[in-house]
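Asker: dropping the sequence and predicted coords here.
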Amino acid sequence: MARGDLTLFEEFALQIGLKTMQLETDVLKVALIKIAATPTAADASPTYSDYSANEVSGSNYTAGGATIGTNTYTEADGTAKLDGDNVTWTQHASGFAVGASTGAAWGIIYDDGATAKSAIAFVELKSGSTTVGNVAGDLTISWHASGIFTLAV
């Protein structure tokens with residue numbers, strides 16, 4: 001993986017079939033976690049609580065992460081697309097700093113409206129072992145122009 005890569009959790013395929021999420025009307029969030037918790041696509045039944053113990057902390061960061069505003073889930077010609085607003089944590093001198101024990105390595109996308117707060121995907125924020133923070137400047141996750149992700153049938 002490289003910085004910016006987004007990976008869907010394999011369990012997400014089951015969650016779609018069980019209708020545990022409503023991707024267009026539920027509140028979707030991105031929580032930032034430290035390098036100590038490495039997510040993988042094969043994580044069994046991933047939820048926000050599986051990663052919350054390794055969440056970053058600091059000024060301008062709220063536990064649970066930030067809401068992805070204006071989320072939409074559409075389909076055209078057999079391809080479904082999840083899209084939403086970019087997410088920004090503004091710069092703050094007392095924010096979460098770059099560093100293995102303090103900085104953000106991954107963003108966990110999860111459905112805050114689902115009973116178990118089921119995780120959908122994760123995006124890699126680090127480059128190698130270098131994490132990101134919001135002490136020196138804003139941290140923004142900018143989704144791809146084609147959407148957060150697409151699923152083709």
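Answerer: Okay, I see it.

Asker: can you pull out the strands in this protein?
Answerer: 6-8, 28-33, 66-67, 72-76, 79-83, 87-89, 106-111, 119-124, 139-141, 149-152 (DSSP state E).

Asker: relative to the fourth one, what are the paired strands and their orientations?
Answerer: Right, the one you point to is strand 72-76. strand 79-83 (antiparallel) (DSSP bridges).

Asker: show me what the partner strand is in contact with.
Answerer: 23, 71-75, 143, 146-153 (CB atoms under 8 Å, 6 or more residues apart in numbering). The C-beta positions use only the backbone N, C-alpha and C, and glycine is treated the same way.

Asker: and the angle for that strand with strand 106-111?
Answerer: Using axes from the mean of the first three to the mean of the last three CA atoms, to 10 degrees, one finds that strand 79-83 and strand 106-111 are set 110 degrees apart in direction.

Asker: in space, what's closest to residue 115 - neighbours in sequence excluded?
Answerer: Distance criterion CB to CB, 6 or more residues apart in numbering; nearest residue to residue 115, sequence neighbours excluded, is residue 20 at 7.1 Å.

Asker: check contacts around that neighbour.
Answerer: For residue 20, the contact set (CB under 8 Å, 6+ apart) comprises 111, 114, 115, 116, 118.

Asker: output stretch 141-153 as PDB, nothing but the C-alphas.
Answerer: The C-alpha trace of stretch 141-153 is given here as PDB (Å, rounded to 0.1, in the frame of the first residue of the first chain):
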ATOM      1  CA  ILE A 141      -8.400  13.800   3.400                       C
ATOM      2  CA  SER A 142      -9.400  14.500  -0.200                       C
ATOM      3  CA  TRP A 143     -11.400  11.800  -1.800                       C
ATOM      4  CA  HIS A 144     -10.800  10.800  -5.400                       C
ATOM      5  CA  ALA A 145     -12.700  12.800  -8.000                       C
ATOM      6  CA  SER A 146     -14.500   9.600  -8.900                       C
ATOM      7  CA  GLY A 147     -15.800   9.200  -5.400                       C
ATOM      8  CA  ILE A 148     -14.600   7.600  -2.100                       C
ATOM      9  CA  PHE A 149     -15.000   4.200  -3.800                       C
ATOM     10  CA  THR A 150     -16.900   2.400  -6.500                       C
ATOM     11  CA  LEU A 151     -18.200  -1.200  -6.700                       C
ATOM     12  CA  ALA A 152     -18.800  -2.700 -10.100                       C
ATOM     13  CA  VAL A 153     -21.100  -5.600 -10.900                       C
END
